[in-house]
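>>> My questions are about this predicted structure, shown below with the sequence.
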Amino acid sequence: MKKLVIVTHPDLKTSNINKTWINELKKHPNDFEIHSLYDKYPNLNFDIAQEQALLESYDEIIFQFPLHWFSTPYALKKYIDDVFTYGWAFGPEGDKLKGKKIGLAVSTGGIKDSYTPPQGITLKDLLNDVTLSFVYCGCELGYIHIFHGAMYEPQEADVIANSKEYVSAFID
């Protein structure tokens, strides 16, 4: 079944990792629908009803983003705040996301050791607020795909290999 990939990278033109991921996803149009929030909503004024209908039409949703200051980009936080409304995503009759499988594809600027104790806080801990939001809405958390070290000019072969791993991990 086709999966929705919601991309929240503020500058895809300059992104090596996220741009490569998207190019790899595009090779599989029967498996992935790419929805870039910054492309569709440059001012981040979301059409709530349209976004809710889009989310309702998929059983599996992947949120793709770079880690920004130890958290999600602003667009993803705003998207969740605006679109995951009371009575729709949670609360009375707020069951529209219940049972949806949520995956994450996250790129980090820092190397893996930066997110491994004792040197750093784990990526799982850093993403706790967003994953708890999904769980609170009745979603099932799935695979988390990661690319570490984006700011250290990774080798093109490593980026391409990682993009293929990303796609294959989410294809049934």
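Arrived safely. Residues are numbered from 1 along each chain as shown.

>>> going forward, measure contacts and count neighbours with C-alpha atoms only.
OK.

>>> Measure how buried residue 167 is and give me the count.
21 (other Cα atoms under 10 Å).

>>> Revised request: answer the last question for residue 42.
For residue 42, using other Cα under 10 Å, the count is 12.

>>> Please shift the residue numbers so they start at 38 in all later answers.
Renumbered: residue one is now 38, and that last one reads residue 79.

>>> who touches residue 123 in this structure?
129, 131 (Cα atoms under 8 Å, 6 or more residues apart in numbering).

>>> Please report phi then psi for it.
phi -60, psi 130 (degrees, to the nearest 10).

>>> beta partners for it?
residue 127 (DSSP bridges).

>>> For residue 106, give me its contacts.
No contacts exist for residue 106 under Cα under 8 Å, 6+ apart.

>>> Now do the same for the spatially closest residue to residue 50 that is not a sequence neighbour: its pLDDT.
Nearest residue to residue 50 in three dimensions, chain neighbours excluded: residue 56, at 7.3 Å (Cα to Cα, 6 or more residues apart in numbering). On pLDDT, residue 56 comes in at 97.

>>> Distance check, residue 56 against residue 206.
Residue 56 sits 18 Å away from residue 206, taking Cα to Cα, to the nearest Å as the criterion.

>>> okay, these two: which has more neighbours?
Neighbours per residue (other Cα under 10 Å) separate residue 56 from residue 206, with residue 56 holding more: 16 against 12.

>>> what distance separates stretch 137-152 from the centre of its chain?
9 Å (Cα atoms, centre = their mean, to the nearest Å).

>>> buried set for it?
Within stretch 137-152, the residues that qualify as buried are 137-146, 149, 151-152, counting by 16 or more other Cα atoms under 10 Å.

>>> need those residues in TSV with distance to residue 117, can you?
As requested, the buried residues of stretch 137-152 are arranged in TSV below (distance: Cα to Cα, whole Å):
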residue	distance to residue 117
137	15
138	16
139	13
140	15
141	14
142	16
143	17
144	19
145	21
146	23
149	27
151	27
152	24
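
>>> what's the most distant pair in the residues you listed?
137 and 151 (31.0 Å; Cα to Cα).

>>> And the contacts of the lengthiest helix in the chain?
In terms of residue count, the longest helix belonging to the chain (DSSP state H) is helix 193-207. For helix 193-207, the external contacting residues (Cα under 8 Å, 6+ apart) are 54, 57-58, 61-62, 142, 180, 182, 184.

>>> one more time with 10 Å
40, 53-65, 68-69, 97, 99, 140-142, 179-184, 187, 190 (Cα atoms under 10 Å, 6 or more residues apart in numbering).

>>> Sweet, I'm off.
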